[in-house]
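1. show me the folded form of this:
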Amino acid sequence: MHIKTVELVIFIALFALVTVLGFVAARWRRAATLDHLDEWGLGGRNFGGWITWFLIGGDLYTAYTFVAVPALIFGAGALGFFAVPYTIIVYPMVFLVAPRLWSVAHRHGYVTPADFVRGRHGSSTLALVVALTGIVATMPYIALQLVGIEAVLKSMGIRGEWPLIIAFAILAAYTYQSGLRAPALIAFVKDSLIYLVVIVAIIYIPIKLGGWGDIFSAAQAKFAKTPNPADGILLTNSATLGYATLAFGSACALFLYPHSITGVLASRSRDVIKRNMAALPAYSFVLGLLALLGYMAIAAGVKPVVSGGKPDANTVVPLLYDKIFPDWFAGIAFAAIAIGALVPAAIMSIAAANLWTRNIYKEYLRRDATPAEEARSSKLASLVVKAGAVVVILAIDPQFSIDLQLIGGVIILQTLPAIVLGLFTRWFHAWALLVGWLAGILSGLWMLYVTNNPLTGKEHFGGSLFKLSKLGLNTDRTIYPGLVALAVNVIVAALLTFAFRAAKTPDRADETEEQDYHVEAGDVGVERLPATVDEAISSGRPNGDRNIPH
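-> Sure thing, here's the model as predicted:
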């Protein structure tokens, strides 16, 4: 494949633009030094409605949206549309949860979800496993973003690893310097490009392909020839349970990811969060349109790039753009995909780095770390996390890049009892939550190991559907393994809590109070407790050590 010069020039120009914005962001909205996690890792906790909308949208609608979902629909049909309902039902659920988390974090100076778990359940061990789970689950999600960039490069005729390494190095550099402000600023450009490309694609491509009737007919003709009876533009009866649980389980997992919570905690107030949860479904509409690109690629006769002897389904959308659009607009579309991968990758690496610093480095390695040392630790950790994502790409060979996100979803779901249930009740015993987490992780990993690829029907690590027949049930139905693992987690935690309560096993202290979960920004008499020793000393607060990990 030859290099597409016009597309490459436009791609590089737009990539250079966001790179400049990434470095300039260090001076944007800066009221204090970036040598503090509140500033570097949470943008000063002062993002308003518009910035939060673009930040969370840029955080959640990633290369998963632009590459992985259409690739799954290209290969497996209607099953890939699970991403549309899950991004609709998630926002009412988060509307109930996120404001409570924001308030208690604002009151106590929590930076990460593991900080909250540490304060709520009084267990540094439980906080540690929540932090490690968040870091591990984020790795494949960042890897998915890098897969998106790689797919674009392949479609422009760029082979080899060096362009991806360069893009990774640039991302690492401006994230290190600017922190969360970089992806927040770039998100404006990213979303503008995405909306432009989607509007043009959904109008222009069907006209070029003869209309929607021809597009759906071509897709159905392709799936009629596949060996898997579940493939098609409509779900079969045997696939409905897998589809529904995949959508619901993914919705439950989405805002447990550290990067999602980072976007919430960076908001200025509870009202900002509520307004965003009401407005973000607009992205779901765009997602539905993007998903249809998988069918358009079939109708256009797109053949995925062959890489390592196998067709790379992740390239179908870039190749569709290359085939249908003029070169100059294809370059814009390629840049939109790549920038759409950079923004969430930056936020994810920052969120994972914050977990490392607050809940591992400060808790176990350097308990008297200054704010500047914490910020420096997070900056360095963000580089390591990005490097770890590259390792994930090399270590795992998923048939669909969406598998990378689904692997992370199964893992991060196991933090739901400690975080989400913890926001509403203190009934669960900390040790019971810990054992429940272990049971959920082990059962989830086992099911991931024996689940089935939706295209080939063969077992491989990272598949999205678990056959119920493997549990001895006489059925051909499948189910999302993450939801089953979560059920195991909650049942074990509940049973052990009953046992610990019956044995009168003492529980740890809860540093939060009910009114903490309803705090508004600027409430009279409400003040965030100092988050560090230095802050406590400088503020003169005698109880400032309440937030210091013990």
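
2. quick check: A182 touching V18?
-> No - the pair A182 and V18 does not pass the contact test of C-beta atoms under 8 Å, sitting 9.1 Å apart. In short, each C-beta sits where N, CA and C put it, glycine included.

3. the two: who's more crowded?
-> Taking other C-beta atoms under 10 Å, A182 and V18 do not tie; A182 has more neighbours (30 against 25).

4. quick one: residues contacting that one.
-> L21, G22, F23, A25, A26, Y174, T175, A346 (C-beta atoms under 8 Å, 6 or more residues apart in numbering).

5. in which helix or strand does it reside?
-> According to DSSP states H and E, A182 maps onto helix 181-209.

6. the helix or strand that that helix is followed by packs against which elements?
-> The helix or strand immediately downstream of helix 181-209 is helix 212-223, counting by DSSP H and E. Helix 212-223 is packed against helix 181-209, helix 293-299, with contacts defined by 3 or more C-beta pairs under 8 Å, 6 or more residues apart in numbering; DSSP states H and E.

7. what about the host helix or strand of G436, average pLDDT?
-> In the assignment (DSSP H and E), G436 maps to helix 430-450. In this model, helix 430-450 has a mean pLDDT of 91.

8. and that helix, which residues are buried?
-> For helix 430-450, the neighbour count (16 or more other C-beta atoms under 10 Å) marks 430-437, 439-441, 443-444, 447-448 as buried.

9. show me the contacts for the nearest residue to S269 once chain neighbours are set aside.
-> Counting by C-beta to C-beta, 6 or more residues apart in numbering, A521 is the residue found nearest to S269 once chain neighbours are left out, at 3.9 Å. By C-beta under 8 Å, 6+ apart, A521 lies in contact with H106, R268, S269, R270.

10. pick the most buried one from the helices and strands packed on helix 212-223.
-> Most buried of the helices and strands packed on helix 212-223 by mean neighbour count (mean count of other C-beta atoms under 10 Å) is helix 293-299; its value is a mean of 26.

11. from the middle of its chain, how far away would that one be?
-> Mean-position distance between helix 293-299 and its chain equals 25 Å (C-alpha atoms, centre = their mean, to the nearest Å).

12. for that helix, give the mean pLDDT please.
-> Average pLDDT, helix 293-299: 93.

13. that one packs against which elements?
-> Partner elements for helix 293-299 (3+ C-beta pairs under 8 Å, 6+ apart): helix 69-76, helix 181-209, helix 212-223, helix 316-324.

14. now those helices in TSV, with distance to I12 and mean pLDDT?
-> Formatted as TSV, the helices and strands packed on helix 293-299 follow (distance: least, C-beta to C-beta, whole Å; pLDDT from 0 to 100):
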stretch	distance to I12	mean pLDDT
helix 69-76	24	87
helix 181-209	15	89
helix 212-223	32	92
helix 316-324	16	90
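
15. closest to I491 out of those helices?
-> Ranking those by their distance to I491 (criterion: C-beta to C-beta) puts helix 69-76 first, at 30.9 Å.

16. helix or strand right after that closest one?
-> Next element after helix 69-76 (DSSP H and E): helix 83-108.

17. narrow the contacts of A521 to those in helices?
-> Counting by DSSP state H, the contacts of A521 place H106, R270 in helices.

18. mind giving me CSV with the contacts of A521 and columns for distance to V129 and pLDDT?
-> Below are those laid out as CSV (distance: C-beta to C-beta, whole Å; pLDDT from 0 to 100):
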residue, distance to V129, pLDDT
H106, 25, 91
R268, 31, 90
S269, 31, 89
R270, 29, 90
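
19. can you flag the buried ones in the contacts of A521?
-> Using 16+ other C-beta under 10 Å as the burial test, the contacts of A521 include H106, R268, S269, R270 as buried.

20. okay, now the residue nearest to the last one when sequence neighbours are not counted: neighbour count?
-> Nearest residue to R270 in three dimensions, chain neighbours excluded: P99, at 4.3 Å (C-beta to C-beta, 6+ apart). Each residue near P99 was counted by other C-beta under 10 Å, and the total is 24.

21. of the contacts of A521, closest to G58?
-> For those, the minimum distance to G58 (C-beta to C-beta) is 17.5 Å, reached by R268.

22. and the closest one, how far is that from I135?
-> Between R268 and I135 the computed distance is 27 Å (C-beta to C-beta, to the nearest Å).

23. go on, V67?
-> To I135, V67 is 24 Å away according to C-beta to C-beta.

24. looking at these two, which is more packed in?
-> V67 (32 against 22).

25. what about the closest residue to the more buried one other than its chain neighbours, neighbour count?
-> In space, V67 comes closest to G148 once its chain neighbours are excluded; the distance is 4.4 Å by C-beta to C-beta, 6+ apart. Using other C-beta under 10 Å, G148 has 29 neighbouring residues.

26. now the strand or helix carrying G148: average pLDDT?
-> Assigned by DSSP H and E, G148 belongs to helix 124-155. Helix 124-155 shows a mean pLDDT of 86.

27. could you do stretch 9-20 as well?
-> Stretch 9-20 carries an average pLDDT of 90.

28. try stretch 369-381
-> For stretch 369-381, mean pLDDT rounds to 88.

29. check the offset of that stretch from the chain's centre.
-> 23 Å.

30. now do stretch 475-485
-> 22 Å.

31. mind listing what's buried in the host helix or strand of A173?
-> If you go by DSSP H and E, A173 is part of helix 162-178. The neighbour-count check on helix 162-178 (16+ other C-beta under 10 Å) flags P163, L164, A167, F168, I170, L171, A172, Y174, T175, Y176, Q177, S178 as buried.

32. tell me which of the residues you listed is nearest to R376?
-> Using C-beta to C-beta, these come closest to R376 at Y176, 10.0 Å.

33. I'd say that closest one and K379 touch.
-> Yes - using C-beta under 8 Å, Y176 makes contact with K379 at a distance of 5.0 Å.

34. which residue, other than its chain neighbours, is closest to N46?
-> Distances taken as C-beta to C-beta, 6+ apart put R268 closest to N46, at 5.4 Å, once the chain neighbours are dropped.

35. residues contacting that neighbour?
-> Neighbouring residues of R268 by C-beta under 8 Å, 6+ apart: R45, N46, F47, G48, T52, A521.

36. any of the residues you listed buried? List them.
-> With burial judged by 16+ other C-beta under 10 Å, the buried subset of these is R45, N46, F47, T52, A521.

37. from those, pick the one nearest G122.
-> Among the buried ones among the contacts of R268, and counting by C-beta to C-beta, the member closest to G122 is R45, at 24.5 Å.

38. now the closest one: how far from R268?
-> Applying C-beta to C-beta, the value for R45 to R268 is 7 Å.

39. same question for E150.
-> Taking C-beta to C-beta, one finds E150 at 36 Å from R268.

40. okay, now F285: neighbour count?
-> Number of residues near F285 (other C-beta under 10 Å) recorded here: 13.

41. so it: helix, strand or coil?
-> Following DSSP: H, G, I helix; E, B strand; the rest coil, F285 is assigned to helix.

42. so what's it up against?
-> So F285 contacts nothing (C-beta under 8 Å, 6+ apart).

43. tell me which stretches of the stretch 301-450 of the chain form helices.
-> Listed in chain order, the helices of the stretch 301-450 of the chain (DSSP state H, counting those that start in this stretch) span 316-324, 327-356, 371-395, 402-412, 416-419, 430-450.

44. I would like the residues contacting the fourth one, please.
-> Right, helix 402-412. Residues from elsewhere that reach helix 402-412 (C-beta under 8 Å, 6+ apart): 64, 68-69, 71-72, 80, 133-134, 136-141, 143-144, 147, 249-250, 253, 256-257, 392, 396, 398, 441, 444-445, 447-448, 461-464, 481-482, 485.

45. then the fifth one?
-> Contacts of helix 416-419 with the rest of the structure, by C-beta under 8 Å, 6+ apart, involve 101, 113, 116-117, 121, 126, 130, 252-253, 256, 428, 433, 436-437, 486, 489-490, 493.
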